[in-house]
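J.: predicted model, plus sequence, below.
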Amino acid sequence: MRYWCCFFGVLVVFLAGCGRQRRFADIDATPVSVKVERFDVALATADTTDMYQSVVRLYDEYPVFMPLFVDQILEVEPSDTVYVAELMRNFLCDSLYRAVNDYALATFSDLDSIEGELSKAFGRLRYFYPQIKVPDLYLFVSGFNRQVLFTDNILALGADMYLGADYPLYEEVTYRYMHYGMRPACVPVDMLSVVLFRNFRQPVANPNLLDEMLYRGKIMYFLSVLFPDAPSNEIMNYTPEQWEWCDYFERRIWSTILDSKDLFSTDNLTITKYVNDGPFTGPVSQDSPGRLGTWVGWRIVDSYMEHHPEVGMQELLEMTDSQKLLEMSDYRP
């Protein structure tokens, strides 16, 4: 399907990310006070000349997060403090990771903007779902080992995984298609994305592709409500050019999905090709971005909500009849 690219040409992308008009953007939601705990600073600035005492202090200051970090990142028994101190000293004294950690500390020297966005987004979330608890939020450094840690009460992102799309070392440790989503500006949306996917699970026991597309499309729609000022491409972690490509070929994308007869497939591999991240969406085109199934699902949900202004957020998220939602969406790309 390489011929698709010639239609795209050098299309101007100034409309990228505009998307359709979002509902609920003007809700009267009171911001929630949010504080991101700086475990990244505490670890990166630890005294390596007395690492054992530094580790003891980290356990004292972060009695819940420190054991989680040791277990999930270092992958050792948290109670073995001597070994933990040895591993942490090696990590902090390594010249490469010392430079990375310093860069991360400089990149995230001020979290006022991030915490401000999170406060407003969690306020909007509480407007719709007051029962959802704001987790304890953290930044950590991991040596490119993990992007996210979460439990029922903790949500943490690896600061060294958000150093900018052009950060040189990312070429060596991650795939290029991931780089746009590794910018500091992605932190607030990524944190809320984890919260939504954790609190709103796929309700269908054996979902087909349409079920999964609409489930993920609902999450994207909800994220766009929680971040009403964010361009649509930023919600999807698409570059402006990727979003414009999808917008330009939307009809052809939808026709390809229908013609392939994949829409009602329950094959996990088929579903994964459409909704999981990757350099492209294989069943559609090698010129496409990944996760086109999620993108189309969002467009369908968007169309449904435009045609049914009486439907509230809770009702939307509770809908399980995907075929009915599709039919009632009047989705016609």
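T.: Ah, there it is.

J.: thinking Asp211 is in contact with Ser322, fair?
T.: Yes. Using Cβ atoms under 8 Å, Asp211 is in contact with Ser322, at 4.8 Å. Heads up, the C-betas are built off the backbone N, CA and C, glycines and all.

J.: what touches both of these two?
T.: Residues touching both Asp211 and Ser322 by Cβ atoms under 8 Å, 6 or more residues apart in numbering: Val204.

J.: which residues in the chain form strands?
T.: For the chain, the strands defined by DSSP state E cover 36-38, 136-140, 148-150, 154-158.

J.: how far is the last one from where the chain is centred?
T.: Yep, that's strand 154-158 we're talking about. Here strand 154-158 is found 12 Å from its chain centre; the criterion is Cα atoms, centre = their mean, to the nearest Å.

J.: that strand: partners in the sheet, and parallel or antiparallel?
T.: Here strand 154-158 has these sheet partners by DSSP bridges: strand 136-140 (parallel), strand 148-150 (antiparallel).

J.: hmm, who's touching it?
T.: With Cβ under 8 Å, 6+ apart, strand 154-158 has contacts from 39, 64-65, 68-69, 135-142, 144-150, 187, 190-191, 194-195.

J.: try 6 Å this time
T.: 135-138, 140, 142, 146-149, 187, 191, 194 (Cβ atoms under 6 Å, 6 or more residues apart in numbering).

J.: mind checking the pLDDT average for it?
T.: For strand 154-158, the mean per-residue pLDDT is 98.

J.: setting aside sequence neighbours, what's the nearest residue to the spatially most central residue of the chain?
T.: What sits nearest the mean C-alpha location of the chain, by Cα atoms, centre = their mean, is Asp190, with 3.5 Å. Excluding its sequence neighbours, the residue lying closest to Asp190 (Cβ to Cβ, 6 or more residues apart in numbering) is Leu157, at 6.4 Å.

J.: state the number of residues packed around that neighbour.
T.: When neighbours are defined as other Cβ atoms under 10 Å, Leu157 has 25 of them.

J.: any idea how far it lies from Phe91?
T.: 18 Å (Cβ to Cβ, to the nearest Å).

J.: may I see the strands paired with strand 154-158 arranged in CSV, with mean pLDDT as well?
T.: Formatted as CSV, the strands paired with strand 154-158 follow (pLDDT from 0 to 100):
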stretch, mean pLDDT
strand 136-140, 98
strand 148-150, 96
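
J.: need these in a markdown table with mean neighbour count and distance to Thr48, can you?
T.: As requested, those are exported to a markdown table (neighbours: other Cβ atoms under 10 Å; distance: least, Cβ to Cβ, whole Å):
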| stretch | mean neighbour count | distance to Thr48 |
| --- | --- | --- |
| strand 136-140 | 22 | 17 |
| strand 148-150 | 18 | 23 |
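
J.: would you map out the domains in the chain?
T.: As assigned by automatic domain parsing, the chain contains the domains 36-199, 204-329.

J.: so, low pLDDT: which residues of the stretch 201-333 of the chain?
T.: Across the stretch 201-333 of the chain, nothing is flagged by pLDDT under 70.

J.: which residue ranges form the helices in it?
T.: Using DSSP state H, counting those that start in this stretch, the helices of the stretch 201-333 of the chain run over residues 209-226, 232-236, 240-248, 250-259, 268-275, 292-307, 313-318, 322-329.

J.: need those helices in TSV (columns: distance to Arg57 and mean neighbour count).
T.: Formatted as TSV, the helices of the stretch 201-333 of the chain follow (distance: least, Cβ to Cβ, whole Å; neighbours: other Cβ atoms under 10 Å):
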stretch	distance to Arg57	mean neighbour count
helix 209-226	36	24
helix 232-236	38	24
helix 240-248	45	21
helix 250-259	54	16
helix 268-275	43	18
helix 292-307	43	24
helix 313-318	43	14
helix 322-329	52	17
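
J.: closest one to Gly164 among these?
T.: helix 232-236 (14.7 Å; Cβ to Cβ).

J.: helices or strands up against the closest one?
T.: Applying 3 or more Cβ pairs under 6 Å, 6 or more residues apart in numbering; DSSP states H and E, one finds that helix 232-236 contacts helix 209-226.
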